[in-house]
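Asker: sequence and predicted model, in that order:
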Amino acid sequence: MNRRAFLEAASLTALASSPLARAAAPAVKPVRLGVIGAGSRGQEDMRQFLRVPGVTISAICDIYPPRYAQVNRLAGAEIPATASYTDLLSRHDVDAVLIASPVSCHAEHVIAAARSGRPILGEKALGFTVEDNQKIVDEVLRAKILFQIGHEYRYAPWVKEAVRRICRGDIGKPTHVEACWNRNGDWRRAVPSPDPGQKLEHLINWRLYRETSGGLGTELGSHHIDLANWIFGEQPESVLGTHSICIYHDGRTVGDNVQSVFQYSGGRRLTFSSLTDNAKSGNQLWVYGTEGSVQITIEDATFFYEKKRSNQPTADKPISKTIVERGVVTGASYSTAGEMPYRGPGERVETGPAGDPTLDSIRSFVEAVRGEHGIDADVHVGFRSGVACSVAHDAVFSGNRTPIPKYRDSASLA
Ligand SMILES: NC(=O)c1ccc[n+]([C@@H]2O[C@H](COP(=O)([O-])OP(=O)(O)OC[C@H]3O[C@@H](n4cnc5c(N)ncnc54)[C@H](O)[C@@H]3O)[C@@H](O)[C@H]2O)c1
């Protein structure tokens with residue numbers, strides 16, 4: 001669609017929301033969405049937005065034209081489309097903006113949308129660089145708009161309940177989070193040919209190149225970092241990490257596996273590992289506390305409790321030489337009782353069927369836009385994981401333990 005047709009379509013949509021047309025509309029306050037970045041996540045988000053009563057899509061912006069027909073198909077209507085986010089933001093029929101462009105574009109897109117004064121649902125990670133993360137928070141605070149980050153697991157009922165129980169002390173003091181997201185696949189997307197100058201390769205496979213991607217740690221690990229931040233009640237202080245290209249020697253410049261260790265205050269830690277050649281452990285995390293552990297997966301959460309510590313050695317207590325657990329000798333060194341992995345069923349968090357956290361998070365965003373409540377996964381939540389992703393990505397290249405800055409005091413804002 002050319003610019004004139006795009007702007008004419010804006011007046012048609014305005015007509016469609018005239019008092020006459022509204023008479024037949026449902027009683028909920030309409031929310032008309034503009035979308036910047038209509039690729040795979042943008043389309044998934046749009047599908048979920050359209051399941052929320054009263055939500056319509058006014059227009060999309062994407063620089064890759066094949067997206068336009070894909071969006072028309074999913075919406076079942078011709079959606080005005082443009083390659084210019086300025087044109088999208090100049091429409092009068094956009095009440096809220098979804099931003100699902102690649103992470104390296106988030107700062108430009110979020111800042112422009114914030115300046116237009118609309119509420120924003122911004123996909124994770126918040127920003128690409130430390131500076132981008134800072135600038136996005138500055139602008140969102142300056143514009144005083146609603147901003148929700150795409151950390152949908154904050155809205156998953158079993159995750160919310162597990163974190164609530166952890167925070168009230170059910171596993172004692174949480175000290176370590178061990179997280180992984182493993183897959184078996186090269187993380188590559190098909191690219192149409194011919195592709196002179198590999199322009200489409202870089203547009204479509206932006207995740208594989210350092211200039212545009214934070215690698216597995218950002219694309220996958222940002223969710224785990226966010227959950228660890230939530231559990232520990234703060235962002236990490238520093239990170240060290242490593243990565244390599246182990247299997248997919250195909251020109252990519254980010255690792256096909258990554259391991260990072262995030263240091264929180266008081267010696268608490270998150271370790272994150274991601275493999276792309278073996279999916280066995282999937283996407284999950286374990287939270288370890290002084291009195292128990294929790295396994296959180298993308299469908300459930302299960303609590304396990306430690307045995308009471310009754311075997312503390314005392315000076316006059318004989319040191320046992322042989323320890324047998326469940327018929328197996330576990331060792332003869334000092335106090336090794338309880339080292340067999342616990343394999344019981346645990347205590348599952350019962351919050352009903354898993355459902356879809358993306359739908360839950362989007363429904364909550366729409367309610368916030370309608371003024372029904374505030375935002376849980378706000379821009380500060382986004383900053384605390386986003387900045388950790390940015391620094392962790394640099395740290396796997398440098399190999400250095402690297403401090404993670406806090407959001408600078410916004411008192412200096414104009
Ligand atoms: N919350 C989640 O669970 C989740 C899941 C997947 C992806 N994501 C995030 O969503 C974002 C998009 O990921 P994706 O998988 O949809 O990527 P994608 O490549 O499928 O889609 C990105 C779209 O943005 C378009 N685009 C690129 N540059 C643009 C520009 N300058 N202006 C306008 N459009 C532009 C591309 O053409 C593409 O259609 C990323 O930040 C990613 O981390 C979040």
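Answerer: Thanks, I have it. Residues are numbered from 1 along each chain as shown.

Asker: got the contact list for the residue in the stretch 1-150 of the chain that the ligand sits nearest to?
Answerer: Checking the stretch 1-150 of the chain residue by residue against the ligand with Cβ to the nearest ligand atom singles out Gly39 as nearest, at 1.9 Å. Every residue, glycine included, has its C-beta placed from N, CA and C. Each residue near Gly39 by Cβ atoms under 8 Å, 6 or more residues apart in numbering is listed here: 62, 64, 67, 100-101.

Asker: report pLDDT for the residue nearest to Phe303 when sequence neighbours are not counted.
Answerer: With Cβ to Cβ, 6 or more residues apart in numbering as the measure, Glu347 is the residue that lies nearest to Phe303, at 4.5 Å, once sequence neighbours are left out. On pLDDT, Glu347 comes in at 95.

Asker: again, but for Ser333
Answerer: Note on Ser333: pLDDT of 67.

Asker: near the ligand, which residues of the stretch 51-200 of the chain are found?
Answerer: Of all the residues in the stretch 51-200 of the chain, those in contact range of the ligand (Cβ under 6 Å from any ligand atom) are 61-64, 67, 100-103, 105, 123-124, 150, 152.

Asker: which of those count as buried?
Answerer: The neighbour-count test (16 or more other Cβ atoms under 10 Å) applied to those identifies 61-62, 67, 100-103, 105, 123-124, 150, 152 as buried.

Asker: could you list which of the residues of the stretch 51-200 of the chain next to the ligand belong to helices?
Answerer: The helices in this structure, assigned by DSSP state H, contain Arg67 from these.

Asker: can you redo the residues of the stretch 51-200 of the chain next to the ligand as JSON lines with pLDDT?
Answerer: Formatted as JSON lines, these follow (pLDDT from 0 to 100):
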{"residue": "Cys61", "pLDDT": "98"}
{"residue": "Asp62", "pLDDT": "98"}
{"residue": "Ile63", "pLDDT": "98"}
{"residue": "Tyr64", "pLDDT": "97"}
{"residue": "Arg67", "pLDDT": "98"}
{"residue": "Ala100", "pLDDT": "98"}
{"residue": "Ser101", "pLDDT": "98"}
{"residue": "Pro102", "pLDDT": "98"}
{"residue": "Val103", "pLDDT": "98"}
{"residue": "Cys105", "pLDDT": "98"}
{"residue": "Glu123", "pLDDT": "98"}
{"residue": "Lys124", "pLDDT": "98"}
{"residue": "Gly150", "pLDDT": "98"}
{"residue": "Glu152", "pLDDT": "98"}
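
Asker: cross the residues of the stretch 51-200 of the chain next to the ligand against strands and list the overlap.
Answerer: Members of those lying in strands (criterion: DSSP state E): Cys61.

Asker: where does this protein have its least confident helix or strand?
Answerer: The weakest-scoring helix or strand in the chain, judged by mean pLDDT, DSSP states H and E, is helix 19-22 (a mean of 40).

Asker: downstream of it, the next helix or strand is which one?
Answerer: strand 31-36 (DSSP states H and E).

Asker: that following strand: what's the following helix or strand?
Answerer: Next in sequence after strand 31-36, counting helices and strands by DSSP H and E, comes helix 40-49.

Asker: give the buried residues for that following helix.
Answerer: Going by 16+ other Cβ under 10 Å, helix 40-49 has these buried residues: 41-46, 48-49.

Asker: thank you kindly, that will do.
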